[in-house]
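Student: Any chance you could fold what I've pasted below:
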Amino acid sequence: MTTVKEFGWGHRWPVFLPDGRHFLFFVYSVDPNRKGVYAGSLDSSEFEKVVNCDSMAAYDPKGYLLYIGDTTLLAQPFDAGKMELSGEPFSLIRNIQAYTDTGPSGYSPFAISANGVLANAKLNVITSLTWFDRSGNALEPIGRQGNYYEPYFSPDEKRIVVGLEDTQSANQNLWTIDLSKGTSSRFTFRSGSLGSPVWSPDGDSIAFSGTGKEGPRSLPQDDNREQQGTASAGMEKGTGGR
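Tutor: Take a look at the predicted model:
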């Protein structure tokens, strides 16, 4: 339906409009002037920009376009027939999480139903990793509370690698948790954001994505003490607290 025309672009997070023929989608670009929400049609390969923003959009059947401005969920009158905005945006909810250049770029955890019910997730949500039984009953927490994201089991299912955001600096690093001991060990040390961790089949390395210009490094085998250094997107070796 759409074609990426230049390097550094990405088309994602489409949502259909009520006529079922037209749709909105987010364009990620290394050029901030081209980043934003665009409108397209099943009947044409052409698409036009609707609004410059850092995240996906949602269409409110009451006639509004919802999108993120900084960390605020905004609503602005939108004509779905003409595919045009009008008036000025107004604030709905503040401190909404949005992924700009890391993780699922352009994604923001909000949605609106056909009858206008809005759901969202806010920034800096403190959570607990918790065991549940098959009936959905909470059993016990894993490690300390924090702003966790993307937990993954090791191949032997004895450890977890998980992202943890520092609520003060907003840096996102990877940690490993030994499930038998209940201990946590920091796996990466850097500013910026890391995500999408994947264990190697032998459980000795973790691949991940992230931002920044730091070079790769190998972790010492003793992960029970903090390892200082830099990291970049790629593969790191280490026992991860095993």
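Student: Only C-alpha atoms from now on, for both contacts and neighbour counts.
Tutor: OK.
Student: Parallel or antiparallel, list what pairs with the lengthiest strand in the chain.
Tutor: Ranked by number of residues, the top strand in the chain under DSSP state E is strand 138-153. Looking at strand 138-153 with DSSP bridges, its partner strands are strand 127-132 (antiparallel), strand 159-165 (antiparallel).
Student: quick one, which of the ones you listed is nearest to Lys49?
Tutor: When the strands paired with strand 138-153 are compared for distance to Lys49 using Cα to Cα, the nearest one is strand 159-165, at 32.8 Å.
Student: which other residues reach the closest one?
Tutor: 146-154, 171-179, 194-195, 197, 242 (Cα atoms under 8 Å, 6 or more residues apart in numbering).
Student: Could you export the helix or strand following it as CSV, CA atoms only?
Tutor: As assigned by DSSP states H and E, the chain's next helix or strand after strand 159-165 is strand 172-178. Only the C-alpha atoms of strand 172-178 are listed here, as CSV (Å, rounded to 0.1, in the frame of the first residue of the first chain):
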residue,chain,number,x,y,z
GLN,A,172,17.3,2.3,30.1
ASN,A,173,19.7,-0.6,30.7
LEU,A,174,19.5,-4.4,30.8
TRP,A,175,19.6,-6.4,34.0
THR,A,176,19.6,-10.2,34.7
ILE,A,177,17.8,-11.9,37.5
ASP,A,178,18.8,-15.3,38.9
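Student: Would you mind splitting the protein into its domains for me?
Tutor: Listed domain ranges for the chain are 9-120, 127-237 (source: automatic domain parsing).
Student: what mean pLDDT does the last one have?
Tutor: The predicted model assigns domain 127-237 a mean pLDDT of 76.
Student: my guess is Trp13 contacts Phe26, does it?
Tutor: Yes - Trp13 lies in contact with Phe26 (Cα atoms under 8 Å); the separation is 5.9 Å.
Student: and for these two, which residues touch both?
Tutor: Joint contacts of Trp13 and Phe26 (Cα under 8 Å, 6+ apart) are 56, 106.
Student: The two: which has the busier surroundings?
Tutor: Phe26 (28 against 18; other Cα atoms under 10 Å).
Student: so who does that one touch?
Tutor: Applying Cα under 8 Å, 6+ apart to Phe26 gives the contacts 11-14, 35-38, 55-57, 106.
Student: Please repeat the previous calculation with a cut-off of 7 Å.
Tutor: By Cα atoms under 7 Å, 6 or more residues apart in numbering, the contact list for Phe26 reads 11-14, 36-38, 55-56, 106.
Student: from the contacts of strand 159-165, which would you call buried?
Tutor: Buried by 16 or more other Cα atoms under 10 Å: 146-149, 151-154, 172-179, 194-195, 197, 242, out of the contacts of strand 159-165.
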